[in-house]
Every structure is written in C-alpha cells, then in structure tokens.
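Engineer: only geometry, no sequence info:
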C-alpha cells in the first residue's frame, strides 16, 4: 500500500512542477502577500507632512516643533501665517495635519496655566488621522514631562497609555500571523480543491475509482504533497517575518509549528470538502475564493477588528478557522503563550477539522452515481 | 471463444427513485469475446456498466464478473478488470512512461513487472522514441491506443471500454479496433459500448438496450437476418422505433 501511495505522491509532484498556475499560486502568492502586507498595507507612517501655525513664535514653541520633527515621523511642510491658510495644505492633499500653537505659549507653559494646542486632522482618511493625532498627543506629553519636572504640579492627573507586547504598534506584528493564516488556507484548501476537481473534470478520477485503490488513499495521495508544501511555505513566511520584519517568536517554536500543522489539516479538509461539491476546476476556484479567501481576510480580525463589526458579521467571523488560528499565532509569537492559554482556540480548530473531514468523506462520492 | 463465462448477469436492476435506469437485464459474456453493448444515449448503458465494474450497487438482481459477486465483492472485482472511458484517462502533463508507471503502481505491480510492461507497451505501440514526451504532445490516435494498453497493464480478465472511439476519425477508429482484436486473440474479454453502428459489426456478439431493457442479443449477422436489415444501423433503428 505504501508503494502505491508513493507512486501517487510522485505523480502529484509531477503535476505541480509542470503546472505554471499551481507553481505561481504556491510560491508567487506568499511572496506577493508578504511584500504587500509588509510594505504597502501598514498603519505606520514615516515623514507625514504637517503644517504649523505658530502664534507664539517663542523659545518653547520652537522647541516643541523641533521635538516633533526629531522623531522622524513628521516633516513640517509649511509654516502658516494666518488662520485663513489652515486648510490650504490639506486641500492640496499635501498636509495631513495642522498644529496650532497659541499665543504666550512659553509663558503659560512654564506657569502651568491651562493651555490648548489645536490639532486639525484630515478626516477623509480616518485611520491615518487617528494615528497621527495619537502620535502628536504622545509626543506633546513627552515634551511636557521633559520640560517640567513632575514634582511641580502634584495634583495634575495625566493618563499614560502603554502598549505592551507590541509597544511601537508595529503592523508587521499583525500581518505576519495573518499572512500565514491566509497563505496556508489558500494553498491547502484552494489547490487541493483544484487538483481533485481537475481529476474529475478530465475523467481520470473515474479511472482511479474503478481501480482497487481505496478512496481514502486517493484523497490522501492527492493532499499530502500540498500539506508538505504549505508547511514549508509557513516556515518561509515565519523566517521572512523574523529576519526581514523583525517579528519575534517569544513562545515555543515547536508548539508554533504544531499549530501550523493542525491548521494545514483544517485547510485540507476544507479543500477536500469544496472539491466534493464542485464538478469543475472553475467552480472549485470560485468557491475557494469567495468562501475562503474573502472571509479569512475580512472576517478573521486580520485586517479589521472583529469586535467593531455588526453582530451578524461577528458570528460569521467566529466560524472562520483563520480567526482562531490568528489568535493562536499571536498568542505564541507575541505573548509567549503556552498550550494552556490557547486551549480554547485549539479545541475549536480541532472540532472544526473533525466536522469538515467527516463531511468531506461523506460527500466524496465513492461510487460515481 | 470458449464456454467459460466471465460475466453472468441475472435480472440486474438499478433504480434512481422512481426512475428505473436499468430494468432486469440478463446476459452472459464468454471468455475471449468482443461483446458490444449498444444503446441510444440514456438507454442505461453506462449505468449497467457501472454496476459491472463496481462503481454502482445494483438495486436488485445478481451477477458475477470474473467469478466475483457484483454485490458482495465489488471491491475485489476492481483488481481483475480494466477500464477505459471515452475521455482517454491519461494524464496529459505526465510523459508516456510516467503514465504507464503510475497506473502500474496503482494496480500494485512490482517494480520489475512495471519495467517489463513499460518496455512491452512502448515496443508494441512503437512509442519508444516518444517515451519521455508529455502525453499532451501525442496525436489523438496514439493517446487512445496508449490508454487502451494502459487499461490492460495488470493483465485483467475483462476490459471495459466506455465509448472508446468517441470523437475520433474513421482511420484512427480502424486502428483502434485492430488493437482490440489483438487483445481478444490474447484471451482477454472485451466489453465495449459504442454508438457507432459500423463498429457493432466488428463485435462477436451485440446487445442492444432500449429504455433500460436488453431488446436484442445475438451475433451481428443473426440480428441482421432476424430483423431483415442490411446493416446494424437498420437493426438499431427498427428496434429503437418500436
């Protein structure tokens, strides 16, 4: 039986290396995704251009402006002279933010008088605006603590926020787990469903079913090469994440790989299930794209947080395997969580896999009727 | 031809819900025979054939194929039969050799046996020169003969050919039938479905299915005499019209 299995796997590898489309999905997709998510889709910003309307023009206000620029996050686009010019930079699409410093800034600052710095942000890009405002707030607070020793004003209560696990809010920390979840799903599920429905389409599946091979062996022979290749892909993404984007792996590497393996099995069962309900490669492709890729991207909490979605979408998100897998990955990689902490997610994934496998086996038409 | 029955079928029936696709068919096929299984599309040919090669369980009736029971031993039957469908059943992105090797492996042949078979098939079909070419690159006629040879790679007792010559030009069809004759001479039993009536003339015996029933079963000559027809085409038309 092992010999037959081996013959099958060899044949499957021939298919893979001779099909440009499969190769492209297999190795082009992960690379493209990492590059896109790594460099293009990012919440960080560098050199955001801002305008400044400095009414005070004194020593302290200059220091504040320098302080902002020194961070490397902001570049002053133009120094405005009057209130009339506030929106010009933004309208031209150049500036993202205007900072207005009031009169007598220096005096009020050192006297501890209440003073207000005005921030005007371009809300047409809300995410960006939010992040910018947050950064400026942070920097102003830092500036204040640097200049005024805390003892001077003991009754002032400042709220200090501190992000842990990802203190700089580096988006790579979010996209590497997300990309792994997406890539494993696409390669395993989509390619498996494609390769099985291809045999159906060409009629070779019929021949295999008339042969003495047990149906389980046919399926195993078809999915094993893909499981192997996806696992390698997961490792590649982890490596690129670690070395290129400096995403740490705090928890156990063994546990991490084990979880990747579990998820590969989940994705393979999904792919097999899809192939059992599609007669052609095209329909398998459509089902994989619509049914797997979109939900995994949009409803898994990868790009948009689940908690802020309408309740219906939250429920949908809860049946997407990627949701749990991303949590597991973040837990292990960023927080160093052990198995006891991710037990719930692991349980759900195992349950999903069992159900999917059972459905796929039941659906796989042992007899072509 | 001899008296050994390799297929025996009694009242074999297949129902899908209320629809009776195959209605109590009874027939025998002898060893070394070329048995033509004819019928219009939808007459139940394919369903009947699937019951014989273990892809479909009969609703009622019984039968044996290669000495094995079609209901209880359908998995075992698969080891003793060969099958080729109208869609050629080869992997186009594998080479000629790889195809032979793969199917040899599927039927559990030993390494040495696979090697011998490969050499034998390549030589018989004069494909040695293109052995390492992808099947995709071969002309249709070659592919078809290769598919036939591969369906017999494990020396099955019976080969089922499901419309093997569909969509192929007459010259290629002639060539293919020569290969079938060769195989039958070697003692294999050939069970072939077709809707080309001229091909029916090449068969030793022919059964004609109409609406799930076998309406006629005899040698082509006897059928023509019985229905007072010039050709099998006429026989078929007369039967189908009634």
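Structural biologist: Yep, it's here. Just so it is clear, the model here is predicted, and its values are computed rather than measured. Residues are numbered from 1 along each chain as shown, chains lettered A, B, ... in the order given.
Engineer: Residue B:162: what's it in contact with?
Structural biologist: Applying Cβ atoms under 8 Å, 6 or more residues apart in numbering or on different chains to residue B:162 gives the contacts B:46, B:49, B:83, B:84, B:85, B:86, B:193. Every residue, glycine included, has its C-beta placed from N, CA and C.
Engineer: One more pass at 7 Å, please.
Structural biologist: With contacts defined as Cβ atoms under 7 Å, 6 or more residues apart in numbering or on different chains, residue B:162 is in contact with B:46, B:49, B:85, B:86, B:193.
Engineer: quick one: it from residue A:79, how far?
Structural biologist: Computed as Cβ to Cβ, to the nearest Å, the residue B:162 to residue A:79 distance reads 83 Å.
Engineer: can you check residue A:12 too?
Structural biologist: 66 Å.
Engineer: re the thing from before, filter the contacts of residue B:162 down to the ones near chain A?
Structural biologist: The subset of those within reach of chain A, by Cβ under 7 Å from any Cβ of the partner chain, is residue B:85.
Engineer: By pLDDT, give me the weakest of the contacts of residue B:162.
Structural biologist: The member of these with the lowest pLDDT is residue B:86, at 73.
Engineer: Run a quick neighbour tally on the residue of the stretch 51-200 of chain A at minimum distance from chain B.
Structural biologist: Nearest to chain B in the stretch 51-200 of chain A, going by Cβ to the nearest Cβ, is residue A:199, at a distance of 8.9 Å. Using other Cβ atoms under 10 Å in any protein chain shown, residue A:199 is surrounded by 20 other residues.
Engineer: higher neighbour count, residue A:12 and residue A:79?
Structural biologist: Between residue A:12 and residue A:79, counted using other Cβ under 10 Å, the more crowded position is residue A:12 (18 against 12).
Engineer: Next, the residues that contact the longest helix seen in chain B from outside, please.
Structural biologist: Counting residues, the longest helix found in chain B (DSSP state H) is helix B:170-185. Applying Cβ under 7 Å, 6+ apart, the contact partners of helix B:170-185 are B:32, B:34, B:140-141, B:144-145, B:148, B:152, B:159, B:164-165, B:190, B:199, B:202.
Engineer: what comes up buried for that helix?
Structural biologist: B:172, B:173, B:176, B:177, B:179, B:180, B:183, B:184 (16 or more other Cβ atoms under 10 Å in any protein chain shown).
Engineer: Confidence-wise, which of those residues comes last?
Structural biologist: residue B:172 (83).
Engineer: Can you tell me how far it is from residue B:231?
Structural biologist: 21 Å.
Engineer: now residue A:120, nearest residue through space, not along the chain?
Structural biologist: Distances taken as Cβ to Cβ, 6 or more residues apart in numbering or on different chains place residue A:98 nearest to residue A:120, at 4.3 Å, with adjacent residues excluded.
Engineer: For the helix or strand where residue A:348 lies, which residues meet the burial criterion?
Structural biologist: Taking DSSP states H and E as the criterion, residue A:348 maps to helix A:343-363. Neighbour-count burial for helix A:343-363, counted by 16+ other Cβ under 10 Å, picks out A:345, A:346, A:348, A:349, A:352, A:353, A:356, A:357, A:359, A:360, A:361.
Engineer: just to revisit the earlier point, give the next helix or strand downstream of the longest helix of chain B.
Structural biologist: strand B:189-194.
Engineer: follow-up on the earlier one: I'd like the buried residues of helix A:343-363 as CSV, with pLDDT and distance to chain B appended.
Structural biologist: Formatted as CSV, the buried residues of helix A:343-363 follow (pLDDT from 0 to 100; distance: Cβ to the nearest Cβ, whole Å):
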residue, pLDDT, distance to chain B
A:345, 92, 40
A:346, 94, 37
A:348, 94, 37
A:349, 94, 34
A:352, 94, 32
A:353, 93, 28
A:356, 91, 26
A:357, 87, 22
A:359, 88, 22
A:360, 85, 20
A:361, 81, 17
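Engineer: for residue B:80, what are its contacts?
Structural biologist: Residues near residue B:80 by Cβ under 7 Å, 6+ apart: B:66, B:68, B:156, B:157.
Engineer: still on that earlier bit, what lines up beside the helix or strand encompassing the residue nearest to residue A:120 in the sheet?
Structural biologist: Per DSSP H and E: residue A:98 is located in strand A:97-101. Using DSSP bridges, the strands paired with strand A:97-101 in its sheet are strand A:48-54 (parallel), strand A:118-121 (antiparallel).
Engineer: if we can go back for a sec, nearest to residue A:272 among the contacts of residue B:162?
Structural biologist: Among these, residue B:85 lies closest to residue A:272 (Cβ to Cβ), at 23.2 Å.
Engineer: For the nearest residue to the closest one once chain neighbours are set aside, list each beta-bridge partner.
Structural biologist: Of all residues beyond its chain neighbours, the one nearest residue B:85 is residue B:162 (4.6 Å), with distances taken as Cβ to Cβ, 6+ apart. Judged by DSSP bridges, the bridge partners of residue B:162 are residue B:193.
Engineer: buried ones in stretch B:36-44?
Structural biologist: B:36, B:37, B:38, B:39, B:43, B:44.
Engineer: go on, stretch A:326-340?
Structural biologist: Here stretch A:326-340 shows A:326, A:327, A:328, A:329, A:330, A:331, A:332, A:333, A:334, A:337 as buried, counting by 16+ other Cβ under 10 Å.
Engineer: again, but for stretch A:24-40
Structural biologist: Quick answer for stretch A:24-40 (16+ other Cβ under 10 Å): A:25, A:26, A:29, A:30, A:33, A:34, A:37, A:38.
Engineer: residue contacts, residue 135?
Structural biologist: No chain specified, so I'll use chain A. Residues near residue A:135 by Cβ under 7 Å, 6+ apart: residue A:73.
Engineer: should've been chain B
Structural biologist: Counted by Cβ under 7 Å, 6+ apart, residue B:135 has contacts B:90, B:91, B:92, B:94, B:95, B:96, B:99, B:143.
Engineer: possible to save the residues you listed as a markdown table with pLDDT, neighbour count and distance to chain A?
Structural biologist: Below are the contacts of residue B:135 laid out as a markdown table (pLDDT from 0 to 100; neighbours: other Cβ atoms under 10 Å in any protein chain shown; distance: Cβ to the nearest Cβ, whole Å):
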| residue | pLDDT | neighbour count | distance to chain A |
| --- | --- | --- | --- |
| B:90 | 88 | 25 | 8 |
| B:91 | 91 | 23 | 6 |
| B:92 | 90 | 15 | 8 |
| B:94 | 93 | 20 | 6 |
| B:95 | 94 | 19 | 8 |
| B:96 | 94 | 27 | 13 |
| B:99 | 93 | 25 | 9 |
| B:143 | 87 | 21 | 12 |
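Engineer: Let's see which of those residues end up in helices.
Structural biologist: Using DSSP H, the contacts of residue B:135 in helices are B:96, B:99, B:143.
Engineer: For the second one, which non-adjacent residue is spatially closest?
Structural biologist: With Cβ to Cβ, 6+ apart as the criterion, residue B:99 has its nearest non-adjacent residue at 5.3 Å, and that residue is residue B:90.
Engineer: In this structure the one you found contacts residue B:143, no?
Structural biologist: Yes: at 6.1 Å, residue B:90 counts as touching residue B:143 under the criterion of Cβ atoms under 7 Å.
Engineer: residues in contact with the residue of the stretch 51-200 of chain A closest to chain B?
Structural biologist: By Cβ under 7 Å, 6+ apart, the residues touching residue A:199 are A:205, A:208.
Engineer: Sticking with it, tell me its helix or strand.
Structural biologist: Using DSSP H and E, residue A:199 maps to helix A:191-202.
Engineer: for chain B, what are the nearby residues on the stretch 1-150 of chain A?
Structural biologist: Counting by Cβ under 7 Å from any Cβ, the stretch 1-150 of chain A sits next to chain B at A:3, A:4, A:7, A:11, A:14, A:15, A:18, A:19.
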